[in-house]
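Visitor: next one to model:
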Amino acid sequence: MTTLQGPPAVSDLKLLQGQKALVTGANSGIGKATAIALGRAGADVVVNYVSDRPSAEAVVKEIEGHGVRTYAHQADVSREDQVVDMVSAMVDRLGTIDILVANAGLQRDAPTVEMTLADWEKVLSVNLTGQFLCAREAVKEFRRRGVVPEVSRAAGKVICVSSVHQIIPWAGHVNYASSKGGVAMMMQTMAQELAPEKIRVNAIAPGAIRTPINRDAWDTEDARTALLELIPYGRIGDPQDIANAAVVLASDLCDYVVGTTLYVDGGMTLFPGFATGG
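Guide: Numbering: from 1, shown residues only. All right, here's what the predicted structure looks like:
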């Protein structure tokens, strides 16, 4: 069987022309691919990062090649003051914010009884609290500006980047799985609350994607073979898979999509271990 490597990009359709987007954790992996795709689709993009400014500036340079405005902004999304300053600076520099892709996240893995409180709190503070803080500040601007019909049918769009592990337990990763389960309910609750104001809140739940955070799961032949047993579609995901989903979900093509998690996982949430009857 031939295994295709990565999807084509949809961003040349310019679905986001004239919109302003903030992508957190955008200097590598899924965030990088998403930031570039949003820029390619016509949006001005703020590239958030917490460390490694050279990588963030490289993303900015690539986005600039698509003729949109962009810059890098350093901020720790778990720090309230830094998130407030980041969104305020974006409004000052770009005029507003239309799209938030809350992507920043990390793992600090250990068996439950060996996990330190510091590692538990760090993962929850970035993966869950960080998404809440960024969404809260973006929504304030969405409300202030309201709907601008020539830009978008919605007053604003929040896309939370979750994980298949919001529904699939993951031994040895209790902090990560708990944070993503929290993202799922946070997203739905915000979506319910904000939909009457034409603010769309949704999530993307990636499955196994080739990113630096999970390199050990795919960078050897044995690891790839074991991982592919969990993916009915027969290939490991690429960051572009998530970027494509984010572009479409942020666009008016999905104007009636509210409070939904889009699983981009090659079928991992179909629990393939039960394909033969369990």
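Visitor: for this protein, longest strand please?
Guide: Assignment by DSSP state E gives strand 199-206 as the longest strand of the chain.
Visitor: just after that one, pick out the following helix or strand.
Guide: Sequence-wise, the next helix or strand downstream of strand 199-206 (DSSP states H and E) is helix 221-228.
Visitor: which SSE is immediately downstream of that next one?
Guide: Following helix 221-228 toward the C-terminus (DSSP H and E): helix 239-250.
Visitor: my guess is residue 52 meets residue 27, correct?
Guide: Yes: under the criterion of CB atoms under 8 Å, residue 52 makes contact with residue 27 at 5.6 Å. Quick note: C-beta positions are derived from backbone N, CA and C, even for glycine.
Visitor: have a look at those two and say which one is more surrounded.
Guide: Using other CB atoms under 10 Å, the more surrounded residue of residue 52 and residue 27 is residue 27, with 25 against 12.
Visitor: so what's the more buried one up against?
Guide: 47, 49, 52, 55-56, 58-59, 72 (CB atoms under 8 Å, 6 or more residues apart in numbering).
Visitor: now the buried members of those residues.
Guide: Among the contacts of residue 27, the ones that count as buried by 16 or more other CB atoms under 10 Å are 47, 49, 55-56, 58-59, 72.
Visitor: any chance of the contacts of residue 27 in a markdown table with secondary structure as columns?
Guide: Formatted as a markdown table, the contacts of residue 27 follow (DSSP: H, G, I helix; E, B strand; the rest coil):
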| residue | secondary structure |
| --- | --- |
| 47 | strand |
| 49 | strand |
| 52 | coil |
| 55 | helix |
| 56 | helix |
| 58 | helix |
| 59 | helix |
| 72 | strand |
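Visitor: the chain: strands as residue ranges?
Guide: Under DSSP E, the chain gives strands at 20-23, 44-49, 70-74, 99-102, 156-161, 199-206, 261-264.
Visitor: okay, those in TSV with mean pLDDT and distance to residue 118 next?
Guide: Converted to TSV, the strands of the chain look like this (pLDDT from 0 to 100; distance: least, CB to CB, whole Å):
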stretch	mean pLDDT	distance to residue 118
strand 20-23	98	27
strand 44-49	98	22
strand 70-74	98	23
strand 99-102	99	23
strand 156-161	98	24
strand 199-206	98	26
strand 261-264	98	29
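Visitor: reformat the ones you listed as JSON lines; add distance to residue 89.
Guide: JSON lines is the format used below for the strands of the chain (distance: least, CB to CB, whole Å):
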{"stretch": "strand 20-23", "distance to residue 89": "10"}
{"stretch": "strand 44-49", "distance to residue 89": "8"}
{"stretch": "strand 70-74", "distance to residue 89": "6"}
{"stretch": "strand 99-102", "distance to residue 89": "14"}
{"stretch": "strand 156-161", "distance to residue 89": "17"}
{"stretch": "strand 199-206", "distance to residue 89": "21"}
{"stretch": "strand 261-264", "distance to residue 89": "30"}
